[in-house]
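Novice: Any chance you could fold what I've pasted below:
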Amino acid sequence: MSEAHTKPFIEHLEDLRKTIIRCALAFAIGMGLAIPFAPWILYALKLPLKWAKIPDPDKFLKILDVTGGLSIATQTVFWSGLLISAPFIIYFIWSFIFPGLTNRERKAVTNSMGFALVLFVAGVLTGYFLAIAPGVKVMLWFGEWMGASQDFFLATDYIRFVVILLLSFGICFELPIILLILGQLGIITSTQLREKRSHAFVVILVIAAIVTPTTDPFTQLAMAVPMAVLYEVCIWIIWSKERKEAMTGTPSQDQAK
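Specialist: Take a look at the predicted model:
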């Protein structure tokens, strides 16, 4: 690469420092945005309890100590700020890696950023509408099955559970971006993805089982099925790119200029 040069170690440390500062600022801004909306955010997080047939979600979530109200506000702002800032933090980390990439690799990553944001939001929405309520039902069922029924959840534990679940969905929905980038670079082909489809589905199921904070199969399938669909979409997108290149005579292994 004509533009390539080796940075001194101290410059890499400076770049890392700037990346950490940017991530921290994004997180702080995310929390700042969440502060005035904290009561509405908590209301939205409680809605899945209604979908789980909890009669009175307000009474079902309990505060057991004097500082419980402050703890709920802090938890809501903290986890909401992390959820809001997560796509930007991922972008800043990619920006830190950028200097080590060629122009062609940078273009492939940049072209995928918009799709990455859409996938993150889609993952969060999928977790919110399809996974939280069934997850709550399963947790309550396990308690009853073990003879230790739960009359309430600690509000702070519930908030942590919900946001970690949403983050898990959002991040896992980002995995197809890796396939698209590798396909853009010509490292993998649609044929290879088709041939490894069965292996990929097994990996998806394993990831869903590990990442989801619940042990119920429905929540895991709520994550695995959309990821499997996205895998097929990646195959189609990469195949379309290969077909276009074949029709135009453009080689898939162009060198960066």
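
Novice: Tell me which residue lies nearest the centroid of the protein.
Specialist: I171 (1.7 Å; CA atoms, centre = their mean).

Novice: That residue against G123, yeah?
Specialist: Yes. Counting by CB atoms under 8 Å, G123 is a contact partner of I171 at 7.3 Å. The way it works is simple: take the backbone N, C-alpha and C, and place the C-beta from them, glycine included.

Novice: Low-confidence ranges, the stretch 1-150 of the chain, go.
Specialist: Across the stretch 1-150 of the chain, the ranges flagged by pLDDT under 70 are 1-7, 9, 98-102, 105.

Novice: Please enumerate the strands of it.
Specialist: 61-62 (DSSP state E, counting those that start in this stretch).

Novice: mind listing the strands for the stretch 151-257 of the chain?
Specialist: 153-154.

Novice: Pull the number of nearby residues for the closest residue to M31 other than its chain neighbours.
Specialist: Nearest residue to M31 in three dimensions, chain neighbours excluded: G81, at 3.1 Å (CB to CB, 6 or more residues apart in numbering). Here the count is done by other CB atoms under 10 Å, and G81 has 20 residues near it.

Novice: Could you report the separation of G81 from I178?
Specialist: According to CB to CB, to the nearest Å, G81 stands 26 Å off from I178.

Novice: before we move on, what about I93?
Specialist: 14 Å.

Novice: Please apply the same query to F120.
Specialist: 14 Å.

Novice: ok, the two, which is more surrounded?
Specialist: F120 (22 against 13).

Novice: confidence score at the nearest residue to that one once chain neighbours are set aside?
Specialist: Among residues not flanking F120 along the chain, G170 sits closest, at 4.5 Å (CB to CB, 6+ apart). Per-residue confidence (pLDDT) for G170: 88.

Novice: Now do the contacts for G170.
Specialist: 83, 86, 120-121, 123-124, 127 (CB atoms under 8 Å, 6 or more residues apart in numbering).

Novice: Please repeat the previous calculation with a cut-off of 6 Å.
Specialist: G170 sits next to 120, 123-124 when contact means CB atoms under 6 Å, 6 or more residues apart in numbering.
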